[in-house]
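Asker: Next comes the sequence, and after it the predicted model I'd like to discuss.
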Amino acid sequence: MDGVIGQWWRLGRAENVSSVTDLDGFLAFDRPGFAKATFSFLLDDAGDGRIRLITETRVQATSPDARRAFLRYWLLIRLGSGLVRRAMLSAVRARALQAPSRP
């Protein structure tokens with residue numbers, strides 16, 4: 001799992017927080033006006049020797065204003081974000097299918 005803190009809805013003026021470098025700092029960060037996002041990847045046994053790759057993104061705003069701003073932003077980029085995620089998963093699948101099988 002990885003995480004990031006920022007203001008992605010402030011196009012061109014976004015402030016990202018790079019000073020938080022560990023889990024405790026990430027969890028403790030509560031400066032109003034920001035959002036914290038985590039991304040995770042899970043490999044799941046789908047049966048018949050197949051593996052399913054599952055992605056999940058979670059976002060938590062640090063204030064009501066940030067939550068409203070992020071929701072407006074998400075409405076604008078949601079479709080593109082989904083297309084990027086599908087393209088990424090397709091590329092992972094193609095590469096996994098080309099890899100030699102392990103015993």
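Answerer: Yep, it's here. Numbering: from 1, shown residues only.
Asker: Helices along the protein, start to end?
Answerer: Using DSSP state H, the helices of the chain run over 23-28, 64-98.
Asker: Rebuild those as TSV, extending it with distance to residue 16.
Answerer: From N, CA and C alone the C-beta is placed, and that goes for glycine too. Formatted as TSV, these follow (distance: least, CB to CB, whole Å):
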stretch	distance to residue 16
helix 23-28	13
helix 64-98	14
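Asker: Tabulate these (JSON lines), appending distance to residue 41, mean neighbour count and mean pLDDT.
Answerer: Below are these laid out as JSON lines (distance: least, CB to CB, whole Å; neighbours: other CB atoms under 10 Å; pLDDT from 0 to 100):
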{"stretch": "helix 23-28", "distance to residue 41": "17", "mean neighbour count": "11", "mean pLDDT": "91"}
{"stretch": "helix 64-98", "distance to residue 41": "9", "mean neighbour count": "12", "mean pLDDT": "89"}
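Asker: Would you mind saying which of those helices lies nearest residue 14?
Answerer: Judged by CB to CB, the one of those that comes nearest to residue 14 is helix 64-98, at 10.1 Å.
Asker: what packs against the closest one?
Answerer: strand 35-47, strand 50-61 (3 or more CB pairs under 8 Å, 6 or more residues apart in numbering; DSSP states H and E).
Asker: Buried residues, the first one. List them.
Answerer: Residues 35-36 are the ones in strand 35-47 that count as buried (16 or more other CB atoms under 10 Å).
Asker: Same question for the last one.
Answerer: Within strand 50-61, the residues that count as buried by 16+ other CB under 10 Å are residue 61.
Asker: Touching that strand from outside, list them.
Answerer: 34-46, 67, 69-70, 85, 88-89, 92-93, 96 (CB atoms under 8 Å, 6 or more residues apart in numbering).
Asker: if you set the cut-off to 7 Å instead, what comes out?
Answerer: 35-46, 67, 70, 85, 89, 92 (CB atoms under 7 Å, 6 or more residues apart in numbering).
Asker: Thanks a lot, catch you later.
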